[in-house]
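A.B. asks: fold the following for me, if possible:
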Amino acid sequence: MILLNPKGDVNLHTHTYYCDGKDSPEALVQRAIALGFRALGFSGHEYSSFDTDFCMSPTDTEKYRGEVLALKEKYKGQIDIYLGIERDYFGDGDDYPYDYVIGSLHYVKAGDRYLPVDYTEEITAAVVEQYFGGDYRSYVESYYGTLADVVEKTRADIVGHFDLITKFNEGYKYFDEGAPWYRTAALTALREVARSKPIFEINTGAMARGHRTKPYPADFLLEEIDRLQCPIILSSDCHDLDCLDFGFEGVIKLWGKN
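C.D. replies: All right, here's what the predicted structure looks like:
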């Protein structure tokens, strides 16, 4: 496996209080230094005009950029700081020259409505019932059908939490992730995304928030990413500085030497 941070001393998926994170950028930098990190990348949720609950406003985006760039200079020689962005497939996007872009899909679309896949379990169940007639297969296939061109749409360097659609499906509560139809949908999307050889992430964020016992993506997807020789980076999708390296040790033991 081509794991880019096998020592767990880098995190590039980090959110601050400018979007839906809890902490200031500087508090996160100080935490990263205390953990012995060699690099920290910030990836605030880019503005999405149709859903402003979780993302940075245009005004806060400017503040975010300025503060991270100032921290890059302030902590030079102690830790490498990178200014990134997490861009949703349906987000507004811009042409700012970020150090990197994480491309993610947080919604399925039904008509002109953008329906979140990762807000709460209750909202997800209501979405599937109201817009997909309770048919989780249709819902899942809609997600992966869209995700297939996430790199082209977002101009991503890193693909975020590939199988986010499984966030509330621990124990296969709503659909069978071992079913042939599910694996076909996921692997078809993965192979299309992998054509441009982006970086994929092993993402421990849902573990930190108590929704999953294993990281994204599932083992069979990681094995296919490895077979396709795409690089992988370990990330915590941090929204709380106490979880900046959440689960890293266990993931590295399992995958770091493969």
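A.B. asks: can you count the residues close to Leu35?
C.D. replies: Neighbour count for Leu35, taken as other Cβ atoms under 10 Å: 15. Quick note: C-beta positions are derived from backbone N, CA and C, even for glycine.
A.B. asks: with Phe220 instead?
C.D. replies: For Phe220, using other Cβ under 10 Å, the count is 15.
A.B. asks: that one touches Pro180, doesn't it?
C.D. replies: No. Using Cβ atoms under 8 Å, Phe220 makes no contact with Pro180, being 11.9 Å away.
A.B. asks: who touches both of those two?
C.D. replies: When contacts are counted by Cβ atoms under 8 Å, 6 or more residues apart in numbering, the set common to Phe220 and Pro180 is empty.
A.B. asks: for Tyr216, give me its contacts.
C.D. replies: 161-164, 166, 201-203, 205-206.
A.B. asks: so which of these are in helices?
C.D. replies: 205-206 (DSSP state H).
A.B. asks: among the contacts of Tyr216, which ones are in strands?
C.D. replies: When DSSP state E defines the strands, the subset of these inside them is 201-203.
A.B. asks: let me have these in a markdown table, adding pLDDT, distance to Val193 and neighbour count as columns.
C.D. replies: Converted to a markdown table, these look like this (pLDDT from 0 to 100; distance: Cβ to Cβ, whole Å; neighbours: other Cβ atoms under 10 Å):
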| residue | pLDDT | distance to Val193 | neighbour count |
| --- | --- | --- | --- |
| Glu201 | 97 | 12 | 27 |
| Ile202 | 97 | 15 | 27 |
| Asn203 | 97 | 15 | 28 |
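A.B. asks: list just the nearest of the residues you listed to Val108.
C.D. replies: Asn203 (19.1 Å; Cβ to Cβ).
A.B. asks: show me what the helix or strand bottoming out on mean pLDDT in the chain is packed against.
C.D. replies: Lowest on mean pLDDT, DSSP states H and E among the helices and strands of the chain sits helix 248-255, with a mean of 88. Counting contacts by 3 or more Cβ pairs under 8 Å, 6 or more residues apart in numbering; DSSP states H and E, helix 248-255 packs against strand 232-235.
A.B. asks: show residues contacting the strand it packs on.
C.D. replies: 1-5, 8, 10-13, 158, 199-205, 222, 225-226, 248, 251-252, 255.
A.B. asks: can you map out the helices along the chain?
C.D. replies: Using DSSP H, the helices found in the chain span residues 25-34, 58-74, 121-132, 136-147, 150-154, 180-193, 205-208, 219-227, 248-255.
A.B. asks: packing partners of the fifth one?
C.D. replies: Looking back up the chat, that one is helix 150-154. strand 100-104.
A.B. asks: Gly247 reaches Ala208, doesn't it?
C.D. replies: Yes. At 7.0 Å, Gly247 and Ala208 qualify as touching, with contact defined as Cβ under 8 Å.
A.B. asks: residues shared between the contacts of the two?
C.D. replies: Common neighbours of Gly247 and Ala208 (Cβ under 8 Å, 6+ apart) are Ser236.
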